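Q: Any chance you can model this:
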Amino acid sequence: MKNSLKLLPAACFVVIVFLGSMMCGRYPIGLEDILTFLSVDHSVVRFQEPAVNVLYHIRLPRILLALLVGASLSMSGTLFQGMFRNPLVSPDILGVTSGCCFGAALGILHPGTSPLLIQLLAFSFGILAVILTYTIASLSRGQRVVMLVLAGSVISAFFFAALSFLKYIADPYEQLPAIVFWIMGGFHRASWDMVRTLLFLLVPCMVFLILTSWRVNVLSLGDEEAASLGVNVKLLRPVLIVVATLMTSCCVSVSGTVSWVGLVIPHIARLTAGVNHDTSMPMSMLLGSGFILLVDDLARTVTASEIPISILTSAIGAPFFAYLLIKEGQKSAWR
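A: Residues are numbered from 1 along each chain as shown. Below you'll find the model as predicted:
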């Protein structure tokens, strides 16, 4: 009960940001209209009113997409930091982000490209990158966790080199700007089809991570200790990596790169909810979703043209992470 109460402020934060996001935009809509909209069955509503059109077709799918991406990246970062026992690990540690970016660039260069093709190629190459990482780590003779991190660095470097080559051969007037803007990330491509697909893929993964979070506590003790407590490390670690990889690939394939979220939010979750993953995992989910939604509101309202979201997440995340290193380092849960 005490641990559940820790999640209440974060849940309230998400609700407040959600309502604020529905109101926020070029077309002003009041809170009373928002509450009325949320209480109506829209399957029987005629979509003639401008406010209803704006809310249902533009803002709501974008908000839900931002919530899903923020929650997934934060939970993946929490999982990897706990599983690898490293506070500097982020969801792209195994090369998934670099693979997704290469796949998206390949889709943009493909003749007759479409948003669906770009998303499929980004997702596929993100999965491929992690498969290559795990294969290299499996063939090595060193410590499995260390080899995974090193192999991930190798694969990331390879795919970023391949991405640079695609930028080099791309048309500098159309294809190159499209690649650059896709990589910088954003939720302007949001649609209901995209949201439904992500709900189908991500929600089961989130539920699985929350239900197995106590096992991450055991894994964070080390392989030998976890095995002595009855955890099948050889089976559990690959399963968790597959789940986190699926979540990250889905997110990056639809939103592009969203920097720092999977690195910083898990630290904040541990500082507010403790090191127990039974609490820090759902805390990461709530804080990550609320943070990304708040940043997306800034991205689409601060200037006349939309700011790529990774610019804002990096500008906010990097200084805040430096603050955590300076102010909280002595009492960090990792010491």
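Q: Show the contacting residues for the residue nearest the centre of the chain.
A: Nearest to the geometric centre of the chain sits Leu73, at 2.5 Å (Cα atoms, centre = their mean). Neighbour list for Leu73: 91, 247-248, 251, 258, 261-262, 265, 288, 292 [criterion: Cβ atoms under 8 Å, 6 or more residues apart in numbering]. The C-beta positions use only the backbone N, C-alpha and C, and glycine is treated the same way.
Q: okay, now Val242: neighbour count?
A: For Val242, the neighbour count with other Cβ atoms under 10 Å is 15.
Q: Pull up the gap between it and Leu199, please.
A: 19 Å (Cβ to Cβ, to the nearest Å).
Q: Ok, Thr272 next?
A: For Thr272, the distance to Leu199 - Cβ to Cβ - is 27 Å.
Q: so Ile63 touches Phe18, yeah?
A: Yes: counting by Cβ atoms under 8 Å, Phe18 is a contact partner of Ile63 at 6.5 Å.
Q: if you count what's nearby, which of these two comes out ahead?
A: Using other Cβ under 10 Å, the more surrounded residue of Ile63 and Phe18 is Ile63, with 24 against 19.
Q: mind checking the SS state of that one?
A: helix (DSSP: H, G, I helix; E, B strand; the rest coil).
Q: Next, the contact list for it, please.
A: By Cβ under 8 Å, 6+ apart, the neighbours of Ile63 are 18, 21-22, 293.
Q: so where do the strands sit in this structure?
A: Assigned strands in the chain: none (criterion: DSSP state E).
Q: Any stretches of it with poor pLDDT?
A: The model of the chain has pLDDT under 70 over residues 1-3, 41-48, 142, 328-335.
Q: OK, contacts around Val54?
A: 25, 27, 29.
Q: I'd say Leu121 and Ile108 touch.
A: No: look at Leu121 against Ile108 with Cβ under 8 Å: they stay out of range, at 9.1 Å.
Q: tally of neighbours for Leu117?
A: Applying other Cβ under 10 Å, I find that Leu117 has 16 neighbouring residues.
Q: Any chance of a ChimeraX selection covering the buried ones in the contacts of Val54?
A: This is the ChimeraX syntax for the buried subset of the contacts of Val54, where burial follows 16 or more other Cβ atoms under 10 Å:
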select :25,29
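Q: export the contacts of Val54 to CSV and tack on distance to Ser280?
A: Shown next, in CSV, are the contacts of Val54 (distance: Cβ to Cβ, whole Å):
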residue, distance to Ser280
Gly25, 33
Tyr27, 38
Ile29, 35
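Q: Looking at the contacts of Val54, which one is closest to Ala162?
A: Of all the contacts of Val54, Ala162 sits closest to Gly25, with 38.0 Å by Cβ to Cβ.
Q: residues touching the closest one, list them.
A: Gly25 neighbours (Cβ under 8 Å, 6+ apart): 54, 58-59, 300-301.
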